[in-house]
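here you go, sequence then predicted model.
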Amino acid sequence: MSRFLNVLRSWLVMVSVIAVGNTVQSFRDHSFLSEKLYTGTPEFVNGLQARTFGIWTLLSSIIRCACAVDIQNKTLYHITLWTFVLALGHFLSEAFIYKTAPLTIGVMAPLIVASFSVVGMLIGFQYSPETQEDVGARQKKRN
């Protein structure tokens, strides 16, 4: 396995651990979201929304950690990439479309993490080894 994929695996584990911490915060005290993320409209943040955010964050964390363990699983790799694309889309839309999350450090941090993660995972595609199925499919197309 390439050095880049090993670094990417470590990054995914680190991001997963941080996400578990955010999940715990979402379940313990929903004011965390209104004070750190959705500061534009804190009155929209309630316990239900915080718990939903926590579950979404936990699911993303589990998927990312599973990818770190089995980074050569292409399906899992693609799903993990999509977790970052969705997070990026969510925070960008909340900041620029819905205006519920102004660009504070609480919003910039997940935007930066998601952006770097998308770029890193896209670069990681070139380091993932080809499977026998990929080789076979490519040979079929030639014939």
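Great, that's in hand. Numbers count the residues shown, from 1 in each chain.

going forward, measure contacts between C-alpha atoms and count neighbours the same way
OK.

return the residues in contact with the most centrally placed residue in the chain.
Most central in the chain under Cα atoms, centre = their mean is residue 84, positioned 3.2 Å from the mean C-alpha point. Neighbour list for residue 84: 114, 115, 117, 118 [criterion: Cα atoms under 8 Å, 6 or more residues apart in numbering].

from these, which is closest to residue 66?
Comparing those against residue 66 with Cα to Cα places residue 117 closest, at 15.3 Å.

in the helix or strand the closest one falls within, what's buried?
In this structure, residue 117 sits in helix 105-124 according to DSSP states H and E. Judged by neighbour count using 16 or more other Cα atoms under 10 Å, the buried positions of helix 105-124 are 106, 107, 108, 110, 111, 114, 115, 117, 118, 120, 121, 124.

ok, the third one - contacts?
Spelled out, that is residue 108. Contacts of residue 108 by Cα under 8 Å, 6+ apart: none found.

ok, it to residue 37 distance?
To residue 37, residue 108 is 9 Å away according to Cα to Cα, to the nearest Å.

shared neighbours of those two, which are they?
Joint contacts of residue 108 and residue 37 (Cα under 8 Å, 6+ apart) do not exist.
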